[in-house]
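[1] Have a look; sequence and predicted model below, questions after that.
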Amino acid sequence: MNLKSLLLTVCCLLGYLFSMHAEQVTLVSAGSQWKYFKGTQSPSIHPVFWRQISFDDSSWNKGTAPFYYGGNITVGTKLSDMKGNYSTLYMRKSFVLEDGDYDSLTAEVLCDDGFALWINGIEVKRENLPTGNLNYDTLAPELVTVAEWKTFDLSEFCDVLKPSQENVVAVLGANLSLGN
């Protein structure tokens, strides 16, 4: 059996989902194009629809990761209207996974202030966000003064991935406040 590992780069307000094991497979590369929706209102009628594979995101903006509005970043998509107007950003990225046996999945994430990550509609990680439903006005409860790379083992979610089919990574990034 050929066990492969997954590398899923979620470089936006975040960093990467990846694994260092056996053969490494890149699913979404750094600097890739994402669909995104500014959190001025809910992106779907029900709070969970936007993160499902079948959700129609054709009206969403397209941008290159990372997404930011301040600092000395010179690559990616600048959200010059974010500060004071919206505290969340919804992001989606589709990919097709090649056939294979996958045994590990980890996330390496850089985020200021909080995020939640779904694969094919299943929440796989939440960091510095409240429990329960997340909405466009959700705020991170704690300030992250210095964003640092963090690695999370998501291997228990390998079975959520669908080989030879469309898969969707959905991310909600949230700041501490509208002005943060």
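    Sure, I can see it.
[2] So which other helices or strands are in contact with the helix or strand that contains Y102?
    In this structure, Y102 sits in strand 101-104 according to DSSP states H and E. If contacts are counted by 3 or more Cβ pairs under 8 Å, 6 or more residues apart in numbering; DSSP states H and E, strand 101-104 sits against strand 3-9. Using the backbone N, CA and C atoms, a C-beta is placed for each residue, glycine as well.
[3] what mean pLDDT would you report for the strand it packs on?
    Taken as a whole, strand 3-9 has a mean pLDDT of 40.
[4] One more: stretch 136-149?
    86.
[5] Can you show me the CA trace of it as PDB?
    The C-alpha trace of stretch 136-149 is given here as PDB (Å, rounded to 0.1, in the frame of the first residue of the first chain):
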ATOM      1  CA  TYR A 136     -20.100  37.700   9.700                       C
ATOM      2  CA  ASP A 137     -19.900  39.700  12.900                       C
ATOM      3  CA  THR A 138     -18.100  37.100  14.900                       C
ATOM      4  CA  LEU A 139     -15.000  38.500  16.700                       C
ATOM      5  CA  ALA A 140     -11.900  36.800  18.000                       C
ATOM      6  CA  PRO A 141     -12.000  36.900  21.800                       C
ATOM      7  CA  GLU A 142      -8.300  37.500  22.200                       C
ATOM      8  CA  LEU A 143      -5.800  39.800  20.400                       C
ATOM      9  CA  VAL A 144      -2.900  38.100  18.700                       C
ATOM     10  CA  THR A 145      -0.200  40.700  18.900                       C
ATOM     11  CA  VAL A 146       2.400  38.700  17.000                       C
ATOM     12  CA  ALA A 147       1.200  36.100  14.500                       C
ATOM     13  CA  GLU A 148       3.300  32.900  14.700                       C
ATOM     14  CA  TRP A 149       3.200  29.800  12.600                       C
END
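[6] Would you mind listing the buried residues in that stretch?
    Buried positions in stretch 136-149, judged by neighbour count with 16 or more other Cβ atoms under 10 Å: 136, 138-140, 144.
[7] now, the most widely separated pair of those residues?
    Comparing all pairs in those by Cβ to Cβ, the longest separation belongs to Y136 and V144, at 19.9 Å.
[8] pLDDT-wise, which helix or strand of this structure ranks last?
    Least confident helix or strand of the chain, by mean pLDDT, DSSP states H and E, is strand 16-18 with a mean of 37.
[9] secondary structure element for S94?
    strand 88-96.
[10] now for that strand, which elements pack on it?
    strand 23-28, strand 33-38, strand 166-174.
[11] Need the winner for burial among those strands.
    The highest mean neighbour count among the helices and strands packed on strand 88-96, using mean count of other Cβ atoms under 10 Å, belongs to strand 166-174: a mean of 23.
[12] What is that strand packed up against?
    By 3+ Cβ pairs under 8 Å, 6+ apart, strand 166-174 packs against strand 88-96, strand 114-119.
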